[in-house]
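Colleague: this one's structure only:
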């Protein structure tokens, strides 16, 4: 391995101080002249016809500048399934459905105006359980579809039916996974302003600026080239911003009607009711193994509750499928999934995108199979782990793969071999250790026709490098990652590089921040652009140093003749020499990178990502048999990230992922009854705080991916995936009960312990 | 001439509505969190040693966050002659010299703090007349220079001494030209903020963002790559922003010391006292002609009062020299100039940059020579006018040249031939018509090592084109000009093009907005970048349309097979076809243009600009013999602009130039006595308002310059140059008196009329 100057360095985030001291300007902080404040009137009913909306009193309220209903919009639909309109005019399909909206001089006036709007509803029978929703006599959410089934998907490789017969052991479970809210600290925000020539600028908490530009254009009939999306500093995303939701076109349309900029920011309660959450799933899963330790078969059926409208979140089953079919080498696998409309809250993308669910299923059953054949669960996993440069029956092309190393590392650190030696076997408080692995896309995920990203690199006469990247910084640190990659290529300190992003007018296209793709894809795009800049630099340095380009290297801010360190010229001097002359050239490079991955076919097969990250977690928990409370004590989380461009950020992603995974495992659940959210506050919906978090040890496994920039793969989501399974396995290790519902609340633990007696 | 789609179209400025309705955010309107307000303590004396500065009471005033004196700065000097420091520590050299500065929570507190600062001065003898300043016993302004003469310059071609003997007629005059203030409606403004990592952002009314970045770096010892200059929307420039002045480093240093953003905005009084103005000049000029109508010789001596410090304004003599040596074909010419330090207000660049002064001299004497040889002044001018593609003895390479056409056009429209037929020859109010011509740089002016500009053009998947141009928009309309040029090349409507500029971090380098260079140089840079984009578009369109690139054209938003209009593909579809594919490319082009002009040599020779604009004005005035009042009635202004990219903006520049020229001719004079400005308010310093302006008729002469973008040359300054001379010639025509002092006040007219009696 060659020595790097900037790759692998632990460079702190340059905005860390500003964020820690409260000086960062988030969307919520924005103020523009003449700005109005918007509020949305939402349905109190889960399913009802709208007979009449009367906004006349609201319109007359002083300070109200615009009131809109569905009639104000062009007859266009939006969303993944084109099943939504910004405001609904015919009927409401969920509690929280957007019925009318107001823009006023302040929030209080807008709230008051909402109270003056009269809506006459005719309640309809509603359906809240996806199994009920599939019955022939179920009320239809979207009549024109003729069914509440949104999508049925079947995947198979090998011969699962025969394999279930052949297998020496078969285990079978039903899993129930509830609603989890991504709960970024910053709620949904949008500020829309038209300029006098009709161009629209939207400041947004989106994670997909370029797709939002497209989606707004389609939803509202505005030419796309009239729309500029500027992503503000983001107080957390976690997938929430991966779709356009109703509030964005509502905000834009209010701005258009009022002729003034309009700001729309969710309250926390609104965030819980109207923003999206992780899909609840009911999963039937069977898995079989041979006594010699070969994993033999999986057979999984998934029922996914979309809620009233469909989003990108519905394709979480694709990711679910990968883990079922390819996390381990399994010769026979089947997965059948139904995504179903109900009158429940809307669901969408959340970090992991189906993977926390599937990993909980797969890794719970890996433990059960190991037990059934009498093999150590670690050994069983190692026996069936993926290996580098293998193609799975699903068509997934594993390149670099450190799954084995990850499993061994966490086992080693947690003291796996001796785990049963010292722990208390009596008394109310027991300890256990669980292990679980994960595979995650780490080189993009082709779910749109393009999985690409662009970059432009320009150099000024001080040698200041500006990178305009499509990459969307949402706090994960992509700005610095991109800077480190460009810095390495150009031999200049990363802190001298300015990253410009999150503005569709300035930066080249990108599909958005999701699928742990930014380091891999935006990194490669920036690298291509930087290489072009390097070529230009070397071309000019050849003249200045009277040496051939192949004998030159860029290092420490200089172009140096290899082997003759005294023959060198400063980077900025080369720039000026090329730049400041008649017929000269400004130094600019640009790049576009779209990874060599594939759209998954109708058969569920294909290489969705150009690289895959692997990881494993070992977790020690304490289970109180009297209270049912589970306390995580220690988490070891090892991840194959190809190469850690910035180990500090890799650790940040791992630690954040573990904390989110522990929340999913133990705490977080949006309580929904008859379509109503019962706990829409941060007091009642409990997140794991820093004080609740156990000791987390991150282990970085580097495998030097052949396609990644400087060998790197993505790591953004992985840390969340295996945590719930590792916790459940640890609980089983501690007290011998298997919990197959998430979150694993004290009640559920107690109930399981009781039923075992 | 081929037909253009967008070149030559009268596209209104997109921000016109916002400007007219007061919605544009100027620098003065900016607010950022924690922003402090700065005030500067200025010297009340024109020349004095500073014995002691006591800031202790000011520092103790609640609300004061930073107080600085010269001691706070590193020992560095700045400015054209490196004769300045941001705050002065040893002595003051002018009334208004910056002695200390304060940043406080509001302007009132900052003002109060200034009053608490005690400065002990020891007055020194001062000198206010440049002739006095050159005497051996004059007080020295900058002792270390040993003299108050800043620069002596000599230019000669032919044999002026012999030519003065040979000439059939010789005229001789002394001209006295006073202080004129550029008086943009927005006063000087600066907002400086450091981020936690030490990077500095400066929002500024500058006209030279990239040179300001360099100048701040040099003056303060900050690395240039840590400085970002963002130029706000500008409320007028007129040359005022062509140098860094003290207030900018003062503002930055206050921000550094206070650790908070600092805003510094001049009051109008401060603008008059401490911003720069057009150099006062005393000019001795002789000119000779032959009876056959040949202009034979010019001999000019200029004494220029720099004031206490030197700026770029000192090189106005270069421009002066051009008009002396090359406005007409003159076989013998000499010009000697002295630029002198005094204890007067500082001077700098103002629209025309020496040319209004020189044109007044040259065009007054053209009339006098014509009269002396008994030739019609128009005919005399036409006889000696420059012709296309001639090199003058000075080394100026005229390319396109419509001087003859301009003179003929204004004469025709004003009714030159019959001008004496209908006008009153008796009574107190007389009418007269005067004519004057001008030549101005119109293709850059090489006064810095680079006269270049860069551009980056990127195209998004909606076909939205973003142009990142070095061009500095200060209200002249360069944004739209650049858009029209790119639009023409790419066959898409200019209103779909987004222009990004005025931010050193985003845009490629440019020397700044001056010398009427933007259309020519930024236009060419954008054209080069657009051609590269076009090449990429055509490369992809070749595949899509199965046709060779040379058979394709870009028109109306499509790529079309020439001659087969049905074979076409939309522009944005081509972009997506190139973009959205693995191994695809984002469409980006970049360009750099540095014109083929030269630095003027020590001998004053060289082709300073790559093209020259020409123009002529005919002005009719009414002179009241009883009051001395001169009323301009009608102005015809014809200009050779190569090609009018946007005739509306050309007319705007001409009309604005004429109004400024009339102000220079008749109204505007900063009254300075013993270094003190006596009329530092808009009530006492009178500008020509819209109500005062006469009817102005603009005539555009197109000559298709071979080097200009689509044949265009610059027009920004020309309109101001000939006005004073045309007015003076018209006064002579009306009442037979020659005024050689500006402005031509009623008093001066009356005095001249009196002395003639």
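Modeller: On my side now, so go ahead. Worth saying up front: this structure is predicted, and the values here are computed from it rather than measured.

Colleague: what's the pLDDT at whichever residue of the stretch 651-757 of chain A sits closest to chain B?
Modeller: Residue nearest to chain B within the stretch 651-757 of chain A (C-beta to the nearest C-beta): residue A:707, separated by 11.9 Å. Backbone N, C-alpha and C define where each C-beta goes, glycine included. Here the pLDDT value assigned to residue A:707 is 97.

Colleague: number of nearby residues for it?
Modeller: Burial of residue A:707 is recorded as 19 neighbouring residues (other C-beta atoms under 10 Å in any protein chain shown).

Colleague: and stretch A:10-22, anywhere near chain B?
Modeller: Yes: for stretch A:10-22 and chain B, the contact criterion (C-beta under 8 Å from any C-beta of the partner chain) is met by A:14-15, A:17-18.

Colleague: Which ones among these map onto helices?
Modeller: Assignment to helices by DSSP state H places the following of the residues of stretch A:10-22 next to chain B there: A:17-18.

Colleague: Of the residues of stretch A:10-22 next to chain B, which count as buried by neighbour count?
Modeller: Of the members of these, the ones counted as buried by neighbours, 16 or more other C-beta atoms under 10 Å in any protein chain shown, are A:14-15, A:18.

Colleague: Rounded mean pLDDT for stretch A:750-757, please.
Modeller: Model confidence over stretch A:750-757, given as mean pLDDT, is 90.

Colleague: nope, stretch A:28-38 is what I meant
Modeller: If you average the pLDDT over stretch A:28-38, you get 94.

Colleague: now do the same end-to-end measure for that stretch.
Modeller: Across its full length, stretch A:28-38 reaches 13 Å between end residues, using C-alpha to C-alpha, to the nearest Å.

Colleague: Tell me which residues of that stretch come out buried.
Modeller: If you call a residue buried by 16+ other C-beta under 10 Å, then stretch A:28-38 has these buried ones: A:28, A:30, A:35-38.

Colleague: Would you agree residue A:378 is in contact with residue A:407?
Modeller: Yes: using C-beta atoms under 8 Å as the test, residue A:378 is close enough to residue A:407 to be in contact (6.3 Å).

Colleague: Residues in contact with both of the two, list them for me.
Modeller: For the pair residue A:378 and residue A:407, residues contacting each of them under the criterion C-beta atoms under 8 Å, 6 or more residues apart in numbering or on different chains are residue A:435.

Colleague: mind checking how far residue A:235 is from residue A:684?
Modeller: According to C-beta to C-beta, to the nearest Å, residue A:235 stands 21 Å off from residue A:684.

Colleague: Point to the residue nearest the middle of chain A.
Modeller: The C-alpha lying nearest the average C-alpha coordinate of chain A belongs to residue A:351 (C-alpha atoms, centre = their mean; 3.4 Å).

Colleague: Distance of that residue relative to residue B:85?
Modeller: In this view, residue A:351 and residue B:85 are 55 Å apart by C-beta to C-beta.

Colleague: Go through the buried residues of stretch A:28-38 and name the one nearest residue B:492.
Modeller: Taking C-beta to C-beta as the measure, residue B:492 lies nearest residue A:30 of the buried residues of stretch A:28-38, at 31.6 Å.

Colleague: what residues are up against the closest one?
Modeller: A:191, A:203, A:232, A:263.

Colleague: on that earlier part again, the residue nearest to the centre of chain A touches residue A:718, doesn't it?
Modeller: No: with contact defined as C-beta under 8 Å, residue A:351 does not reach residue A:718; the gap is 9.6 Å.

Colleague: Overlap of the contact sets of those two?
Modeller: When C-beta under 8 Å, 6+ apart defines a contact, the residues bordering residue A:351 and residue A:718 alike are residue A:657.

Colleague: Surely residue A:304 is in a strand?
Modeller: Yes: for residue A:304, which was evaluated using DSSP: H, G, I helix; E, B strand; the rest coil, the result is membership in a strand.

Colleague: residues near it, how many?
Modeller: Here the count is done by other C-beta under 10 Å, and residue A:304 has 27 residues near it.

Colleague: Not counting its neighbours along the chain, what's nearest it?
Modeller: Nearest in space to residue A:304, with sequence neighbours left out and distances taken as C-beta to C-beta, 6 or more residues apart in numbering or on different chains, is residue A:339 at 4.5 Å.

Colleague: now, which of the residues of stretch A:10-22 next to chain B sits nearest chain B?
Modeller: In terms of C-beta to the nearest C-beta, no member of the residues of stretch A:10-22 next to chain B lies closer to chain B than residue A:17, at 3.9 Å.

Colleague: Give me the three-state assignment for the nearest residue to the closest one once chain neighbours are set aside.
Modeller: With C-beta to C-beta, 6+ apart as the measure, residue B:196 is the residue that lies nearest to residue A:17, at 3.9 Å, once sequence neighbours are left out. Per three-state DSSP, the secondary structure class of residue B:196 is coil.

Colleague: give me every residue that touches the residue nearest to the centre of chain A.
Modeller: With contacts defined as C-beta under 8 Å, 6+ apart, the neighbours of residue A:351 are A:182, A:238-239, A:657, A:660, A:716-717, A:720.

Colleague: Check what pLDDT residue A:315 gets.
Modeller: In this prediction, residue A:315 carries a pLDDT score of 86.

Colleague: burial count for it?
Modeller: Residue A:315 is surrounded by 21 other residues when neighbours are defined as other C-beta under 10 Å.

Colleague: So it lies in a helix, does it not?
Modeller: Yes: the secondary structure assignment for residue A:315 places it in a helix, going by three-state DSSP.

Colleague: Identify the residue nearest it in space, chain neighbours excluded?
Modeller: Using C-beta to C-beta, 6+ apart and skipping the chain neighbours, the partner closest in space to residue A:315 is residue A:447 (5.8 Å).

Colleague: What helix or strand is that neighbour located in?
Modeller: Per DSSP states H and E: residue A:447 is located in neither a helix nor a strand.

Colleague: That one: neighbouring residues, count only.
Modeller: Number of residues near residue A:447 (other C-beta under 10 Å) recorded here: 18.

Colleague: what about the helices in the stretch 301-450 of chain A?
Modeller: In the stretch 301-450 of chain A, helices defined by DSSP state H, counting those that start in this stretch lie at A:316-326, A:355-373, A:377-384, A:403-414, listed in chain order.

Colleague: Any idea which of these gets closest to chain B?
Modeller: For the helices of the stretch 301-450 of chain A, distance to chain B was read as C-beta to the nearest C-beta. The smallest value, 19.3 Å, belongs to helix A:316-326.

Colleague: And the contacts of that closest one?
Modeller: For helix A:316-326, contacts defined as C-beta under 8 Å, 6+ apart pick out A:151, A:153, A:155, A:157, A:279, A:298, A:300, A:302, A:304, A:333, A:335, A:337, A:339, A:349, A:352-355, A:357-359, A:361-362, A:386, A:392-394, A:396, A:438-439, A:441, A:445, A:447, A:600, A:604, A:608, A:721.

Colleague: PyMOL command to pick out the buried ones of those residues?
Modeller: Only the buried members of the contacts of helix A:316-326 enter the following PyMOL selection, criterion being 16+ other C-beta under 10 Å:
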select buried, chain A and resi 153+155+157+279+298+300+302+304+333+335+337+339+349+352+353+354+355+357+358+359+361+362+386+392+393+394+396+438+439+441+445+447+600+604+608+721
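
Colleague: residues touching the nearest residue to residue A:247 once chain neighbours are set aside, list them.
Modeller: On the basis of C-beta to C-beta, 6+ apart, the spatially nearest residue to residue A:247 that is not a chain neighbour turns out to be residue A:264, at 5.5 Å. Contacts of residue A:264 were listed using C-beta under 8 Å, 6+ apart, and they are A:37-40, A:188-192, A:247, A:250-251, A:254.

Colleague: Confirm residue A:264 sits in a strand?
Modeller: Yes: read with three-state DSSP, residue A:264 is one of the residues of a strand.

Colleague: For it, give its distance to chain B.
Modeller: 21 Å (C-beta to the nearest C-beta, to the nearest Å).

Colleague: Now tabulate the buried residues of stretch A:28-38 in TSV and tack on secondary structure.
Modeller: Below are the buried residues of stretch A:28-38 laid out as TSV (three-state DSSP):
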residue	secondary structure
A:28	helix
A:30	coil
A:35	coil
A:36	strand
A:37	strand
A:38	strand
